[in-house]
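K.L.:
What follows is a protein structure lacking sequence information:
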């Protein structure tokens, strides 16, 4: 593959099962409390009453999010040692562990809360798009595990051609901040109004 890699998330198909998160946790041998991919529930609404009838106007949907391997990564800009890098051939943002001092500036700068401090090694870690699996011709663990096929990946340009450029949804920071390599087909109740 060539060009910036991106994740695609079809929100209406996600059931919030967290299989993607569990597969990532298992693949990366993460400690309790660490998750490179997180699944959030967003719910709201209310009930309208007319006479004795009650009309539900409630909603719930999920957001599956990891590092978005942004086109303009805030984490990389904030790293004082140059430990956070962007791979030229596919745009994957990764951490060079040997250079990481564990200062945690990247954690503070990322609007998606992707980088996480690993207390065991005193360094920051995050999703690296399963570079090792990609190099073997396999899918990222989260994509391969999704039972609803709500997660996909591929070159950003192709994903945008196929699904559009939507990533402005409730529960997510504005895409203007870091230009995430992420496209979301939103749940009908997730569209920012």
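P.N.:
Okay, I see it. All figures in this text were calculated on a predicted structure; none of them were measured in a lab. Numbering: from 1, shown residues only.

K.L.:
what are the ranges of the helices in the chain?
P.N.:
Secondary structure of the chain by DSSP state H: the helices cover 19-27, 74-78, 105-109, 131-135, 141-145, 156-163.

K.L.:
Residue 48 is nearest to which of these?
P.N.:
Closest of the helices of the chain to residue 48 is helix 156-163, at 33.6 Å (criterion: CB to CB). Placement of C-beta: from N, CA and C, glycine included.

K.L.:
contacts for that closest one?
P.N.:
3-6, 8, 91, 152-153, 181, 183, 185 (CB atoms under 8 Å, 6 or more residues apart in numbering).

K.L.:
Quick check: residue 187 touching residue 61?
P.N.:
Yes. Taking CB atoms under 8 Å as the definition, residue 187 is a contact partner of residue 61 at 3.8 Å.

K.L.:
what sits in contact with each of these two?
P.N.:
When CB under 8 Å, 6+ apart defines a contact, the residues bordering residue 187 and residue 61 alike are 11-12.

K.L.:
Now, of the contacts of helix 156-163, which are buried?
P.N.:
4-6, 8, 91, 152-153, 181, 183, 185 (16 or more other CB atoms under 10 Å).

K.L.:
Give me the below-cutoff pLDDT ranges for this protein.
P.N.:
1-2, 167, 192-193 (pLDDT under 70).

K.L.:
so residue 179 touches residue 70, yeah?
P.N.:
Yes. The criterion here is CB under 8 Å, and residue 179 meets it with residue 70 at 5.6 Å.

K.L.:
what about the residue located most distally from the centre of the chain, distance to residue 170?
P.N.:
Here the chain reaches farthest from its C-alpha mean at residue 51, the gap being 44.3 Å by CA atoms, centre = their mean. Distance, residue 51 to residue 170, using CB to CB, to the nearest Å: 31 Å.

K.L.:
One more: residue 49?
P.N.:
Here the criterion is CB to CB. By it, residue 49 lies 25 Å from residue 170.

K.L.:
In terms of neighbours, single out the busier of these two.
P.N.:
residue 170 (17 against 9; other CB atoms under 10 Å).
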